[in-house]
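In: Below are the sequence and a predicted model for it; my questions follow.
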Amino acid sequence: MRGIIYDGTAASLVDDLEVRAPGPREVIVAVKAAGLCHSDISYMHGLYPVPSPGVCGHEGAGVVAEVGSAVSHVAPGDHVVISTLFSCGFCKACADGHPTLCRKSIGNATQPFTRNGEQLWNFAATSAFAERTIVGDMQCVKIDPAIPLTSAAVVGCGVVTGMGAVFNRATVTRGQRAMVIGVGGVGLNCIQALKVQGASTIIAVDTVPEKEALARQFGATHFLDGRRPDIIDAVVEICPPDGLPNRGFFNAGGVDWAFDCVAHPAVTETALECLDWGGTVVVIGVAAQTAEFKGRYVRLTQIDRGIIGCRAGTYAPHRDIPHILDLYQRGEVLLDELVTATFPVERWEDAVHKLEAGEVARGVLTF
């Protein structure tokens, strides 16, 4: 079968992959569509401390082809979204609805694929860039077959990461003000989740001005060029301090929530400087393991600001993916519009080029 592999040096499309039979709690999915995001490119460039050679891809949707003997919630022929989150399903974190805190959800690489007798690793417990992949049963979320698989494919990571950050990690209430830094696939979903939650002001920030139209389509009320040297002043002009002539010693004014989808030290510091009293920075982007950021303690103390992390939208697959798809089918969130272009898997390099050039919100590979 066809698939994109990373051999430790470069990525390439091959046509001689094999995948083993499923275990009792495993499912083989015939992948029909797979989203391409920056995490995939980082893996293809060898930036993650994970083993190789491996099969790429971590956002996918398809049709169940085979199930293990203990699998009961999906059957061959079902349409499913593949969640990249593998968890045990039994620990306290899983039982409490917080599988992103499950200790089994990190470092669960296995070698279910072979090529010419050589074992290959999976990537992010998913490996969606293959005609068939094998995943844990809890990673398969059954969906309405009327939902286009090209749109469903991006839900399992990019969509649920952005929307989950708003729905699950933050506590955004109606009328609050927010900013989203980085208007890619994750940022756009933060924006539309903020709209669903009733945020009154949603400021999108990106260094690519051409993204303004897309940001506004998804619900942004304002757009700022992230290259502006006065970006903090611009945010405060939109969200001035209530009852004060200026920001004062404790930096009054600004937004209640700042979602950092970039995770660059300067970006996180800027997000902190844009907060009103009681505001919170939610760091969603993934930085290098050794990256550091700085900020003033006075920005946190006295006036109850905070900085929190968010892994994958702090989501539970079988709770959040159906909820998001329900919002989509009711017309409250956009999924089809996220998929700027589809590419047959043979054109995967074109998809990478367009993503790196900022020409697509999400490109989707099809099989």
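Out: Here it is on my side, so go on. Please read all numbers here as calculations on a predicted model, not as lab measurements.
In: quick check: longest strand of the chain.
Out: Using DSSP state E, we find that the single longest strand of the chain is strand 26-36.
In: Return the list of helices and strands in contact with that strand.
Out: Identification of packing neighbours for strand 26-36 by 3 or more CB pairs under 8 Å, 6 or more residues apart in numbering; DSSP states H and E yields strand 59-67, strand 79-82, strand 132-136, helix 149-152, helix 348-356, strand 362-366. For every residue, glycine as well, the C-beta is placed using N, CA and C.
In: Tabulate these in TSV, adding columns for mean pLDDT and mean neighbour count.
Out: As requested, the helices and strands packed on strand 26-36 are exported to TSV (pLDDT from 0 to 100; neighbours: other CB atoms under 10 Å):
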stretch	mean pLDDT	mean neighbour count
strand 59-67	97	23
strand 79-82	98	26
strand 132-136	97	25
helix 149-152	97	24
helix 348-356	91	17
strand 362-366	93	25
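In: how about the ones you listed, which one is nearest Asp336?
Out: Closest approach to Asp336 among the helices and strands packed on strand 26-36 is made by helix 149-152 (5.1 Å; CB to CB).
In: Tell me which residues are up against that closest one.
Out: Helix 149-152 has contacts (CB atoms under 8 Å, 6 or more residues apart in numbering) with 32-33, 61-62, 79, 81, 143, 325, 328, 335-336, 338-339, 342, 364, 366.
In: helices and strands around the helix or strand following it, which ones?
Out: As assigned by DSSP states H and E, the chain's next helix or strand after helix 149-152 is helix 158-164. Here helix 158-164 touches helix 185-197, helix 317-329, going by 3+ CB pairs under 8 Å, 6+ apart.
In: Of all those, which one comes closest to His38?
Out: helix 185-197 (8.6 Å).
In: how many other residues sit next to the residue nearest to Thr9 when sequence neighbours are not counted?
Out: Leaving aside its sequence neighbours, Thr9 sits nearest to Gly46 (CB to CB, 6 or more residues apart in numbering; 7.6 Å). Here the number of neighbours of Gly46 (other CB atoms under 10 Å) works out to 15.
In: these two touch, right, Gly46 and Ala11?
Out: No - contact criterion CB atoms under 8 Å: Gly46 and Ala11 do not qualify, at 9.6 Å.
In: Ala165 contacts Val283, doesn't it?
Out: No - the pair Ala165 / Val283 is not scored as a contact, 9.3 Å apart, by CB under 8 Å.
In: and the two? which has more neighbours close in?
Out: Between Ala165 and Val283, counted using other CB under 10 Å, the more crowded position is Ala165 (32 against 22).
In: coming back round to it: so what's in contact with Ala165 and Val283 at the same time?
Out: Counting by CB under 8 Å, 6+ apart, the shared contacts of Ala165 and Val283 are Cys310.
In: from the contacts of helix 149-152, which is closest to Leu120?
Out: Relative to Leu120, the closest of those is Gly62; by CB to CB it sits at 19.2 Å.
In: Please report how far the closest one lies from Leu36.
Out: 16 Å (CB to CB, to the nearest Å).
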